[in-house]
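# What follows is a predicted protein model with its sequence.
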Amino acid sequence: MSAKKTYAIFGLGRYGIAVARELVNNGMEVIAVDADEKIVNAAANELPICKCADITDPDVIRQLGISNADVVIIAMANNLEASVMAVTLCKELGIKTIIAKSANEMHQKILTRVGADKVVFPENESGIRLAKNLLSSGLVDMVSLAKNVSMIELDVKPEWLGKNLIELNLRKKYSVNVVALRKGESVSVDIDPHAPLQADDKLIVIANTEKISKLK
């Protein structure tokens, strides 16, 4: 697994708590925050750092130590104003990655415009899936196909650049099957195994979930 990171979760509804729980269970440091004291008290038993606070207050954000977080997940889709303020404050603190949950496409555009690096829709992406993606360094996206099988989109590793799929022999080395290649918005399943991989390429592979760690 990659080096231990610190995550901050704003909003502990079903989505936020699922992300926080999965990250904590995998040994990550998580700062969980919600404005509702009852929700915070209920979650405190399983989340070591769980705070009741108003994340739209700049002073509170600083006092919580959010500036030390590598990733902030803003899981308050039902409160656009608070989400926008949280994204803005996190950008000002220099947070590297800000992920926001959105209620609809219009909110997605707004959150992206104010600085969210990724916007997710709860009906399309579960909190557990987001957490697994965050824990999988280098994995762009992961979809569970069955209990032990996942389809994964991943970046081309620096050491793979300029090499082709025949040279890399990913099936033997990583136990994965490359099924498609993404270049920008274009996805092709007709892959030339002799073509050298480029920095902006993304490989779509099918792998045994237990062996995904080999790709990190």
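It's in.
# can we go C-alpha only for contacts and neighbour counts from here?
Fine.
# residue with max distance from the center of this protein?
His194 (31.9 Å; Cα atoms, centre = their mean).
# ok, the spatially closest residue to that one that is not a sequence neighbour - contacts?
Leaving aside its chain neighbours, His194 sits nearest to Asn164 (5.3 Å; criterion: Cα to Cα, 6 or more residues apart in numbering). Shown in contact with Asn164 (Cα atoms under 8 Å, 6 or more residues apart in numbering): Pro193, His194, Ala195, Pro196, Leu197.
# Of those residues - the most surrounded one?
For the contacts of Asn164, the largest number of neighbours (other Cα atoms under 10 Å) sits with Leu197, at 20 neighbours.
# contacting residues for it?
Residues near Leu197 by Cα under 8 Å, 6+ apart: Val156, Trp160, Leu161, Gly162, Lys163, Asn164, Leu165.
# wait, is Ala18 part of a helix?
Yes. The assignment for Ala18 (DSSP: H, G, I helix; E, B strand; the rest coil) places it in a helix.
# could you measure His194 against Ala69, distance?
Computed as Cα to Cα, to the nearest Å, the His194 to Ala69 distance reads 41 Å.
# So what's the gap between the longest helix along the chain and the chain middle?
Counting by DSSP state H, the longest helix found in the chain is helix 80-93. Distance of helix 80-93 from the chain centroid (Cα atoms, centre = their mean, to the nearest Å) equals 18 Å.
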